[in-house]
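Peer 1: generate a structure from the sequence data that follows.
(2 chains)
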Amino acid sequence: MAGTARMTAADVALERVTQVPGVRGSLLISATDGLVVAERLMDGIDGRAIAALAANLVLRLGRATVGAGLQSPRFVHLRGNAGSVLAAPGTDDLVLVALVGLDANLGLARLEMLDAVGRVS
Amino acid sequence: MTEDIRSLTARLAEEPSSLAFLELGEALRRRGQLDAAYKVARGGLGRYPALADAHDLMARILGDQGDLAGAFDAWVEALRFDPMRIGALKGIGFLYFRAGDVGAALDHLHRAAEIDPDDASIAQALARIRADAGAPAPAPGINGGPAPHALAPELSETPSTEKAEPGLMLVDSNGLRLKGSLRSPRNEEVGDRVAAELAGVSKEASRTSRLLGLGAWQSIAVESAEGNLYLVAPTPETLLLTVRDPALPMAQLGLIAERAAKEAREWLEQHG
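Peer 2: Numbering: from 1, shown residues only, chains lettered A, B, ... in the order given. This is a model prediction of the structure:
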C-alpha cells in the first residue's frame, strides 16, 4: 500500500516535470544501483540507459562535492551541445532525472524538479 | 489587501487560464506569503511559459526566498522573452552587485536607464553602486576567499600552482592536480582529494552525453548549499573545476569557467 502511494506521488512528480516545455522525459532512479523506479519518457528513449549513466555521474560528482567539504549536490546539470541531462538528488537514494532538448525552459525545469524530488523522497 | 487576495483567488479559480495569477502572486509576495506566491507563480508559468511577466514574478519570489541563483535564471528567462524588461534588468543588476561584479551590475542598470530614463529608482541604484564601487565586495567568496567578483581567474598570470586562485583547479585524466587549489569551508586543503574524485568524470560525461544523443558534453554544473561547482574540459585530457559561493548565479559561474578554460588552454600550450 505504501509502495502504491509512493508510485502515485512519483508519477505525479514525473508528469509535472515532463510538462515543462522542452523536457523529453523524466524518471526517478535509485542512485546506488542505477535502476529505474518510475519513468515517463518519449517513445524511443531507453530509461535504463539514462538511469545507469545518470546514477554513475551523480555518484561521482557527489563524492567530489563532499570531498570539497560541501554538502551533497542538490542539482546537477550536464550540458551537451544537443541537449542536457538534469538531475535532482533527493533523500532515500532517489534521484529525479530529466532529459531535455536545447529549447527547454531550464529554469522552470529546475524549479519543478527541485519541488518534485522533495515530494517523492 | 486580504480582500484583494480573496477576490483574485476567486477570479483565478473561476478562470484558471486568466492572468490573474500575476496580481495574486505579487500580492502574496508582498504580504510575505512566499510559499503560496511561489505555487501561484509556478502554476501560471506552467500555463504561460513564454510570458516574461510570469518569469519576472517568479524571480522576485525566489529572490525573497533567498534562492538567488533561481532568481537570476528566472530574470534571464524574462529577458529572453522580453529584452526590454526593466524589472529583469534591475533584478540582474542587483544580483551582480551582490555578487561583487560592479561592471556587470552597472551594465544592466545602464540598459534599464536607456529604456526608461525617468525611472528614479534606476538612477538611485546607479549612484549607490558607483559610490560603493571602491568598498569591499558585499558577498564574500567561498572559503572566505576572494569574492565572486574575481570574474576571470588569471591562470596564465599565476605561474605556480601555489599562487593560483583558490577555488579554481585544473586536473588531468588520472585525477592529478595540474594547477590551482581548493579549500573547504573549514579552510582545509582539499584539492588533491577532489582531483582524485574527478578522475574519469570527463570520460563519464562524454559517454553519458554521447549515448543519450546529447552530442559532445560542454559543461557540468553542480549546485550545493554551501557552494556551486562548474566543470568544463579545456582539452579532452583535462578538466577544470571552478568553485564559488552559491550567491554567485550559476550562469555567471559558467562565464567564469569558460574564461578560465581559455586561460588553461593557453597555459597547457605553454607547458605542453
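Peer 1: can you give me the strands in chain B?
Peer 2: For chain B, the strands defined by DSSP state E cover B:168-172, B:177-181, B:217-223, B:228-232, B:238-244.
Peer 1: can the last one be found next to chain A?
Peer 2: Yes: under the criterion of CB under 8 Å from any CB of the partner chain, strand B:238-244 makes contact with chain A via B:Leu241, B:Val243. Bear in mind the C-beta positions are built from the backbone N, C-alpha and C, glycine included.
Peer 1: any idea of the mean pLDDT for that strand?
Peer 2: What strand B:238-244 shows for mean pLDDT is 95.
Peer 1: mind checking pLDDT for the residue nearest to the spatial centre of chain A?
Peer 2: Note on chain A: the residue nearest the mean C-alpha position is A:Val97, at 1.5 Å, using CA atoms, centre = their mean. What the model reports as pLDDT for A:Val97 is 96.
Peer 1: check which helix or strand it maps to.
Peer 2: strand A:94-100 (DSSP states H and E).
Peer 1: tell me what that strand is packed against?
Peer 2: Strand A:94-100 is packed against helix A:2-18, strand A:23-30, helix A:47-67, strand A:83-89, helix A:106-120, with contacts defined by 3 or more CB pairs under 8 Å, 6 or more residues apart in numbering or on different chains; DSSP states H and E.
Peer 1: residues near the residue nearest to B:Leu28 when sequence neighbours are not counted, how many?
Peer 2: Excluding the flanking residues, the one nearest B:Leu28 by CB to CB, 6 or more residues apart in numbering or on different chains is B:Ala37, at 3.7 Å. Neighbours of B:Ala37 under the rule other CB atoms under 10 Å in any protein chain shown: 26.
Peer 1: and B:Ala37, what does it touch?
Peer 2: Contacts for B:Ala37 (CB atoms under 8 Å, 6 or more residues apart in numbering or on different chains) come out as B:Gly25, B:Glu26, B:Leu28, B:Arg29, B:Ile61.
Peer 1: swap in A:Ala98?
Peer 2: A:Ala98 touches A:Val17, A:Thr18, A:Val23, A:Gly25, A:Ser26, A:Leu27, A:Val85, A:Leu86, A:Ala87, A:Ala109, A:Met113, counting by CB under 8 Å, 6+ apart.
Peer 1: near chain B, from those residues?
Peer 2: Answer for the contacts of A:Ala98 near chain B (CB under 8 Å from any CB): A:Val85.
Peer 1: between the contacts of A:Ala98, which has the most around it?
Peer 2: A:Ser26 (30 neighbours).
Peer 1: pretty sure that residue is touching A:Val12, no?
Peer 2: No: if you go by CB atoms under 8 Å, A:Ser26 and A:Val12 don't touch, sitting 11.6 Å apart.
Peer 1: quick one: low-confidence ranges for the stretch 151-272 of chain B?
Peer 2: Along the stretch 151-272 of chain B, segments meeting pLDDT under 70 span B:151-166, B:272.
Peer 1: where along it do the helices fall?
Peer 2: B:191-198, B:201-211, B:250-271 (DSSP state H, counting those that start in this stretch).
Peer 1: report the contact partners of the residue nearest to B:Gly180 when sequence neighbours are not counted.
Peer 2: Excluding its sequence neighbours, the residue lying closest to B:Gly180 (CB to CB, 6+ apart) is B:Met169, at 3.7 Å. The contact partners of B:Met169, taken as CB under 8 Å, 6+ apart, are B:Arg177, B:Lys179, B:Gly180, B:Ser181, B:Leu182, B:Gly191, B:Val194, B:Ala195, B:Leu240, B:Leu241.
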